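Engineer: Quick check, what structure comes out for this input:
(2 chains)
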Amino acid sequence: QKVKQDWPQTVSTDERLTPEYDATHYNNYYEFGVGKDDPVRNSQDFRPDPWSVTVSGACNNPGTYALEDLLQTQNLEERIYRLRCVEAWSMVIPWLGFSLADMLQRFEPTSDAKYVAFETLMDPDQYPNQRSFRPAIPYPYLEGLRMDEAMHPLTLMAVGMYGEVLPNQNGAPLRLVVPWKYGFKSIKAIVRIHFTADEPPTTWNIAAPREYGFYANVNPNVNHPRWSQATERRLPSSFLSPNVIDTQMFNGYAEEVAQLYTGMDLRRYY
Amino acid sequence: MWSTFKVTVRPAVHLLCGLPLLYWCWMVWRTINGERTLLSTDPGQMLADQTGYWAFNLLIISLLFTPLSKWFRLRWVGYRRAVGLWAFAYAVIHVLVFYWLILGANLSSFGRELVQRPYIVLGASALFLLLLLAVTSNQFSMRRLKKRWKDLHQWVYLAAMLVAIHALWQIKGDWGWPMVQAITVMLLLGVRLWWVLQRRLSAAK
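Structural biologist: Numbers count the residues shown, from 1 in each chain, chains lettered A, B, ... in the order given. The predicted model follows:
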């Protein structure tokens, strides 16, 4: 349903938006299946409501929060971000959400909180690939950010896109969007937030450690072991114009985020 | 009676092999004419996957002819060449799709991919082998090469193995069809090795 509300647009781009149809019918969400059209097909009966998020670890306000309570105090903003998938395709999507930092501050992370870990729902009844005899990746899906990345103003907690409530196949009801990192960092259907002193395990890093690191910053100079990251196909692509464009450092957000990684060898911390 | 059978079967074999290509051309045509969602948001990926998939399927089918003829005493080895040539045709289209739609027709990135990506090196080597086999698949070459023709065409096994690794190497989370294809190739190869072994053993007696 349409969200009957006006919101400020805080981040924008002059690039053409990906049509809503493409952004909602071409997804990687392995819980619903590994095909790009599996998420939209298999997510129609998913139940994003009621929803709660468990907060734990190094913070003063741990506990289980109902989604409505988490959203009430947040002001929605629209942010148009580039989304660069590690598979070398990309989209431009208008998200609705709020700064992750604003949400995390409510939980009052302590000085021990060096990282924040996220977890997707584990529910084989609702996720076909979780009940498959041969799941594509280990579940539940795990992701994490360093605390300074999580608190960065660009890091978004999204609850909607294209002016509407987040569709199930795009990670309803609550998903992360970290625009300078490959898409798999932007974990969907979050049920748990955990503050920790140590770098948390992350799903793709567990599945293929040589190919997917903890940082996963978009970087045209560091190729995936099996394919080049120098260019990307901006979707939708067509026959007459395949739309192959150069990939930008930090997905074009270098000015805002490069300082988070000064002195780090990005080849080693891929 | 056999010859009339052959006359009707040959076009059928070509039609069957060409059917996937016809289907995907039809989808491309409809997409260009406005049904934009038919080939997904990323048609390049879909067509590259599909043409590669069919090239490999037909290559496997061409390897099935000999054992099936032996076991079931069928005389259809004559169609093997047609299927093999179709496999080669799909492989060529596969490369064209990759070059045009995935790399954006950029020659320098094509060159880069060709030397840097191990699975593309494998795929390219397999295509080179298939090219050799395709140009020597005619009667003229058979007569000219005599015994060496058979030796040359044994390379199809190497090509099939290269294609199998090429396909397996690209898997992300989805171990499905490429795995079935690779196992089939291994089985077909195993059958041949078994025959060779049997021949050696009976010769030694």
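Engineer: Return the residues in contact with the residue in chain A that chain B sits nearest to.
Structural biologist: Taking C-beta to the nearest C-beta, chain B has its nearest neighbour within chain A at A:Val244, 2.9 Å off. Quick note: C-beta positions are derived from backbone N, CA and C, even for glycine. Listed by C-beta atoms under 8 Å, 6 or more residues apart in numbering or on different chains, the contact set of A:Val244 reads A:231-234, A:237, B:102-104, B:106.
Engineer: run the last query once more with 10 Å
Structural biologist: A:88-89, A:231-234, A:237, B:44, B:101-106, B:109 (C-beta atoms under 10 Å, 6 or more residues apart in numbering or on different chains).
Engineer: Pull the most distant pair out of the residues you listed.
Structural biologist: For the contacts of A:Val244, the farthest-apart pair by C-beta to C-beta is A:Trp89 and B:Ala105; their separation is 17.1 Å.
Engineer: quick one, which of the two is more surrounded?
Structural biologist: Legend: neighbour count by other C-beta atoms under 10 Å in any protein chain shown for A:Trp89 and B:Ala105, higher for A:Trp89 (25 against 13).
Engineer: List the contacts of the more buried one.
Structural biologist: With C-beta under 10 Å, 6+ apart, A:Trp89 has these contacts: A:26, A:28, A:36, A:83, A:183, A:232-237, A:243-244, B:41-42, B:44-45, B:102.
Engineer: So stretch B:92-105, near chain A or not?
Structural biologist: Yes. Judged by C-beta under 10 Å from any C-beta of the partner chain, stretch B:92-105 and chain A are in contact via B:97, B:99-105.
Engineer: And stretch A:98-114, what's buried?
Structural biologist: A:98-101, A:103-104, A:106-107, A:109, A:113 (16 or more other C-beta atoms under 10 Å in any protein chain shown).
Engineer: Next one: residue 114, what pLDDT does it get?
Structural biologist: Just going to use chain A. What the model reports as pLDDT for A:Lys114 is 98.
Engineer: not quite, I wanted chain B
Structural biologist: pLDDT, B:Leu114: 86.
Engineer: List the buried residues in the helix or strand it falls within.
Structural biologist: Assigned by DSSP states H and E, B:Leu114 falls within helix B:107-116. By 16+ other C-beta under 10 Å, the buried positions in helix B:107-116 come out as B:109-110, B:112-113.
Engineer: What about chain A: which of the residues you listed touch it?
Structural biologist: Within those, those near chain A by C-beta under 10 Å from any C-beta are B:109, B:112-113.
Engineer: Narrow the contacts of A:Trp89 to those in helices?
Structural biologist: B:44-45 (DSSP state H).
Engineer: which of the contacts of A:Trp89 are buried?
Structural biologist: A:26, A:28, A:36, A:83, A:183, A:232-237, A:243-244, B:41-42, B:44-45, B:102.
Engineer: can you list contacts of the helix holding B:Leu114?
Structural biologist: A:223, A:227-228, A:230-231, A:244, B:95, B:98-99, B:102-104, B:106, B:119-121, B:123-124.
Engineer: Return a PyMOL selection command for the buried portion of the residues you listed.
Structural biologist: Buried members of the contacts of helix B:107-116, defined by 16+ other C-beta under 10 Å, are picked up in PyMOL with:
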select buried, (chain A and resi 223+227+228+231+244) or (chain B and resi 95+98+99+102+103+104+106+119+120+123+124)
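Engineer: Helices - which of the contacts of helix B:107-116 land there?
Structural biologist: Counting by DSSP H, these contribute B:95, B:119-121, B:123-124 to helices.
Engineer: what about the residue lying closest to the residue of chain A closest to chain B once chain neighbours are set aside, distance to B:Ile60?
Structural biologist: Closest residue in space to A:Val244, ignoring its immediate chain neighbours: B:Gly104 at 2.9 Å, by C-beta to C-beta, 6 or more residues apart in numbering or on different chains. Relative to B:Ile60, B:Gly104 is positioned 31 Å away (C-beta to C-beta, to the nearest Å).
Engineer: dump the residue contacts of the closest residue to chain A within chain B.
Structural biologist: Closest contact between chain B and chain A, by C-beta to the nearest C-beta, is at B:Gly104 (2.9 Å). By C-beta under 10 Å, 6+ apart, the contact set of B:Gly104 is A:231, A:233, A:237, A:241-245, B:44, B:110.
Engineer: B:Val13: neighbour count?
Structural biologist: B:Val13: 17 neighbours (other C-beta under 10 Å).
Engineer: now do the one 10 residues further on
Structural biologist: The local packing of B:Tyr23 (other C-beta under 10 Å) involves 12 other residues.
Engineer: Report the separation between it and A:Pro242.
Structural biologist: 21 Å.
Engineer: ditto for A:Pro124
Structural biologist: 39 Å.
Engineer: Among those two, which residue is more densely surrounded?
Structural biologist: Between A:Pro124 and A:Pro242, A:Pro242 has the larger neighbour count (other C-beta under 10 Å), namely 22 against 13.
Engineer: Report the residue spans of chain B with pLDDT below the cut-off.
Structural biologist: Within chain B, the stretches with pLDDT under 70 are B:1-7, B:173-174, B:205.
Engineer: where do the helices sit along it?
Structural biologist: Under DSSP H, chain B gives helices at B:2-32, B:43-72, B:80-97, B:107-116, B:118-135, B:139-145, B:147-153, B:155-168, B:177-204.
Engineer: Quick one: residues contacting B:Thr31.
Structural biologist: A:238-239, B:37-40, B:43.
Engineer: hey, where'd the strands end up in chain A?
Structural biologist: Here chain A has its strands, by DSSP state E, at A:9-11, A:52-57, A:63-66, A:77-84, A:89-99, A:115-120, A:142-146, A:156-161, A:164-165, A:175-177, A:190-196, A:231-234, A:244-246.
Engineer: So what's the residue count around A:Leu174?
Structural biologist: Count around A:Leu174 with other C-beta under 10 Å applied: 24.
Engineer: My guess is it contacts A:Ala66. True?
Structural biologist: No. At 11.5 Å, A:Leu174 does not count as touching A:Ala66 under the criterion of C-beta atoms under 10 Å.
Engineer: any common contacting residues for the two?
Structural biologist: With C-beta under 10 Å, 6+ apart, A:Leu174 and A:Ala66 have common neighbours A:51, A:53.
Engineer: Find the nearest non-adjacent residue to A:Arg267, please.
Structural biologist: A:Val222 is the one closest to A:Arg267 (C-beta to C-beta, 6+ apart), at 5.6 Å.
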